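A.B. asks: Show me the folded form of this:
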Amino acid sequence: MTDWILSESSYSYEIDVPIDQVDIADCLAHLRNAEFQRWCPPYHIACGFTHTDEGQPMSINVETIGKSLLMQQYVAEVFKSRLCRMVSVSDVFPFSGGRTHTVVTWTLAVEPISIGGCRFVNSVTANATEAFLDFITQHGQTLADAATARQQAFSDHNRRETPRYAASIASAARARQTAAGLI
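C.D. replies: Okay, here's the model as predicted:
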């Protein structure tokens with residue numbers, strides 16, 4: 001990964017379920033395509049879940065952010081119930097044409113705020129690759145211009161999807177509580 005940061009955003013949302021009932025990794029592994037699409041319509045297009053050849057969990061997301069289509073293959077660096085850190089060398093297809101790559105780190109976490117509640121935190125950092133720098137140079141754009149556009153687009157996207165993702169996590173946690181006879 002490079003130090004050429006294109007965007008960083010982090011949003012949180014409080015959910016009214018005990019943290020010990022939350023399992024972000026399980027939610028990612030069982031995320032249905034229609035649910036993913038509801039998180040950020042019409043920008044979320046499709047998702048899937050698989051494993052790398054080495055057995056690492058991998059979430060595949062297709063979405064539009066700003067003026068680009070992104071195909072993300074998030075490989076888990078950390079894949080736990082309360083923390084998932086996923087990293088993707090993402091294919092970026094600007095609507096103006098062409099193809100390049102960025103590195104996107106997606107961190108999903110929950111932290112306790114009370115006995116019966118927790119805070120979901122959804123953080124995304126996008127870094128430029130050498131290919132991305134070459135691409136923007138060929139298209140007459142500077143890194144600062146690209147970063148400004150990406151920051152606005154990623155921040156807006158993350159702001160929209162965080163409450164809906166938190167609701168999905170809360171719903172799954174409540175289902176676990178019901179199944180365990182806790183509700």
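A.B. asks: right, and the helix or strand after the lengthiest strand in the chain?
C.D. replies: For the chain, the strand with the greatest residue count under DSSP state E is strand 100-114. Counting by DSSP states H and E, the next helix or strand C-terminal to strand 100-114 is strand 117-128.
A.B. asks: mind listing what that following strand pairs with, with the direction of each?
C.D. replies: strand 5-15 (antiparallel), strand 100-114 (antiparallel) (DSSP bridges).
A.B. asks: I'd like those as JSON lines, with mean neighbour count appended.
C.D. replies: Any C-beta I mention is one placed from the backbone N, CA and C, and that applies to glycine too. Shown next, in JSON lines, are the strands paired with strand 117-128 (neighbours: other CB atoms under 10 Å):
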{"stretch": "strand 5-15", "mean neighbour count": "18"}
{"stretch": "strand 100-114", "mean neighbour count": "18"}
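A.B. asks: what ranges do the strands span in the chain?
C.D. replies: Under DSSP E, the chain gives strands at 5-15, 44-51, 57-65, 68-79, 83-94, 100-114, 117-128.
A.B. asks: Pull out the buried residues from the helix or strand bottoming out on mean pLDDT in the chain.
C.D. replies: Every helix and strand in the chain was compared by mean pLDDT, DSSP states H and E; the lowest is helix 143-179, with a mean of 93. Across helix 143-179, burial judged by 16 or more other CB atoms under 10 Å covers 146-147, 149-151, 153-155, 157-158, 161-170, 172-174, 176.
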